[in-house]
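Peer 1: my questions are about this predicted structure, shown below with the sequence.
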Amino acid sequence: MYTETLRGIAGIGLFPVISLLLFVLVFAGAVLRVVRMDRADAEHLASLPLDGVDGVAAPYQELSR
């Protein structure tokens with residue numbers, strides 16, 4: 001039923017191609033951003049989940065008290 005409905009839509013074969021292109025472009029952009037990132041920025045971002053914010057302890061610190 002769905003197969004025949006989708007076959008009846010003109011130009012439906014273009015949507016998978018557009019989706020794949022969009023995925024590849026976003027993935028390539030993310031990889032390029034990570035590759036071009038400074039080491040200091042990467043270390044800062046890596047430590048964010050473990051740091052407290054404005055004197056508030058991170059959740060793991062509250063559990064260990």
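Peer 2: That came through, no problem.
Peer 1: helix or strand for Val35, which one?
Peer 2: helix 14-36 (DSSP states H and E).
Peer 1: moving C-terminal from that helix, which element do we reach first?
Peer 2: Note on helix 14-36: by DSSP H and E, the next helix or strand toward the C-terminus is helix 39-47.
Peer 1: who are the packing partners of that following helix?
Peer 2: Helices and strands touching helix 39-47, by 3 or more CB pairs under 8 Å, 6 or more residues apart in numbering; DSSP states H and E: there are none. (Glycine included, C-beta is placed from N, CA and C.)
Peer 1: contacts for that helix, please.
Peer 2: Here helix 39-47 makes contact (CB atoms under 8 Å, 6 or more residues apart in numbering) with Val34.
Peer 1: from the middle of its chain, how far away would that helix be?
Peer 2: Counting by CA atoms, centre = their mean, to the nearest Å, helix 39-47 is centred 17 Å from the centre of its parent chain.
Peer 1: likewise stretch 36-54?
Peer 2: 17 Å.
Peer 1: how about it as CSV, C-alpha atoms only?
Peer 2: Taking C-alpha atoms only, stretch 36-54 is exported to CSV below (Å, rounded to 0.1, in the frame of the first residue of the first chain):
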residue,chain,number,x,y,z
ARG,A,36,40.9,22.4,13.3
MET,A,37,40.2,22.9,17.0
ASP,A,38,43.0,24.1,19.3
ARG,A,39,44.2,21.6,21.9
ALA,A,40,43.4,24.1,24.7
ASP,A,41,39.8,24.4,23.5
ALA,A,42,39.5,20.6,23.3
GLU,A,43,40.8,20.1,26.8
HIS,A,44,38.4,22.8,28.1
LEU,A,45,35.4,21.2,26.4
ALA,A,46,36.5,17.7,27.7
SER,A,47,36.6,18.9,31.3
LEU,A,48,33.2,20.7,31.2
PRO,A,49,31.1,17.8,32.5
LEU,A,50,33.5,17.5,35.5
ASP,A,51,33.8,21.2,36.5
GLY,A,52,31.6,23.0,38.9
VAL,A,53,29.9,26.1,37.7
ASP,A,54,29.9,29.3,39.7
